[in-house]
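Undergrad: pasting the sequence and the predicted coordinates here, then a few questions.
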Amino acid sequence: MSSLVKREDDLVPKCVENRNHDYIFTGDRQLRVYQPIKGYRVSIDAILLASVVRCGPKYKKILDVGCGVGGVSLCLAKRSKSIVKITGLDTQQQGLEIFKQNIIENHLTPEIPFVCEGSIFENCKSWKTNDSSTIFPNSFDQVVTNPPYFESHNQAVSKNKNRAEAHHFFSENREMGLNNWILKCLKMLRPRGYFHIVHRAQRLGSIISTLEGNCGDIVVLPVFPREDSKDAGRVIVSCRKGSKGETTILRGINIHGDSEKKKYTKVAYDILKNGIGYAEAIR
């Protein structure tokens, strides 16, 4: 889905090249987020994903897989300040450098203490991080991920390297596709921990089939572009590792209330602009 853009390029420090900053949220939850001028940028999908993640002492250790410039982590940290301890993971060094700057810019170092360079397909011992003592399999209370949406051989690929890598799996090896990405995420999750993923609605069947047998209490949240949309564009799927609970399909979120996409619905506005969690927004 579209990027949230509210740019003020004239305020970008001269030392920051090829990137600008946007503002996400309003009021005391406002985030100032540096992003590449050309490349993958924080989208609505990341903010929606962050809104469904639980906040509390029992769920505070969180791994953000494919974190990019930190969209999911920053939104979650701002909403649940002082509760969470988030570790970001990505393969793109440029995005991670911007993410680190975003953490400092928004005074969120206590909430996001670790940023790792590495791949979820690799052993976590190989991840480059400032402290590996807290990173090991079966240890995270929650894992969140906004993975690539396409296989590289099925879709046209952007000429921008960073955007292309964010949107596509580039291996013909099925062991490095969406299904195994999910399984690797689950490996990092402690028993009874929670997993959250946002993806194209067309991949829901594949996601559910991968989760079945590994997780229960699966909750599917469809995301519709407009109130009159017949089909969901995205789905957010949450589940619990090792649970045997049944699957629930929620009513869903409508992003826009008009066909021209000029006005957010109240629920979407509360999540995307006010930084409110999904559970609170639908009350």
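TA: Great, that's in hand.

Undergrad: only C-alpha atoms for contact and neighbour calcs from this point on.
TA: Fine.

Undergrad: residues near Ala77, how many?
TA: Number of residues near Ala77 (other C-alpha atoms under 10 Å) recorded here: 24.

Undergrad: ditto for the one 3 residues further on
TA: One way to gauge burial is a neighbour count; for Ser80, by other C-alpha under 10 Å, it gives 16.

Undergrad: need the phi and psi values for it.
TA: Dihedral angles of Ser80 (phi, psi; degrees, to the nearest 10) stand at phi -120, psi 50.

Undergrad: surely it meets Pro57?
TA: No: in this structure, Ser80 is not within contact of Pro57 by C-alpha atoms under 8 Å, at 10.6 Å.

Undergrad: could you list the low-pLDDT ranges of the stretch 1-150 of the chain?
TA: Residue ranges of the stretch 1-150 of the chain with pLDDT under 70: 1-19, 39.

Undergrad: not counting its neighbours along the chain, what's nearest Ser243?
TA: Leaving out its chain neighbours, the residue that sits closest to Ser243 by C-alpha to C-alpha, 6 or more residues apart in numbering is Gly216, at 4.3 Å.

Undergrad: hang on, I meant Ile98
TA: In space, and not counting its chain neighbours, Ile98 is closest to Val69: 5.6 Å by C-alpha to C-alpha, 6+ apart.

Undergrad: how about Asp228?
TA: Residue nearest to Asp228 in three dimensions, not counting chain neighbours: Ser259, with 7.5 Å by C-alpha to C-alpha, 6+ apart.

Undergrad: and the helices in the stretch 51-200 of the chain?
TA: Secondary structure of the stretch 51-200 of the chain (DSSP state H, counting those that start in this stretch): helices located at 71-79, 93-105, 161-167, 178-188.

Undergrad: and the first one, how far from the chain's centre?
TA: It stands for helix 71-79. Distance of helix 71-79 from its chain centroid, counting by C-alpha atoms, centre = their mean, to the nearest Å, is 9 Å.

Undergrad: residues in contact with stretch 261-280?
TA: 24-27, 29, 44, 47-48, 50-53, 75, 79, 226, 253-257, 281-282 (C-alpha atoms under 8 Å, 6 or more residues apart in numbering).

Undergrad: redo that, cut-off 6 Å
TA: With contact meaning C-alpha atoms under 6 Å, 6 or more residues apart in numbering, stretch 261-280 is reached by Phe25, Thr26, Ser51, Val52, Ile255, His256, Gly257, Ala281.

Undergrad: among these, name the ones in helices.
TA: Ser51, Val52, Ala281 (DSSP state H).
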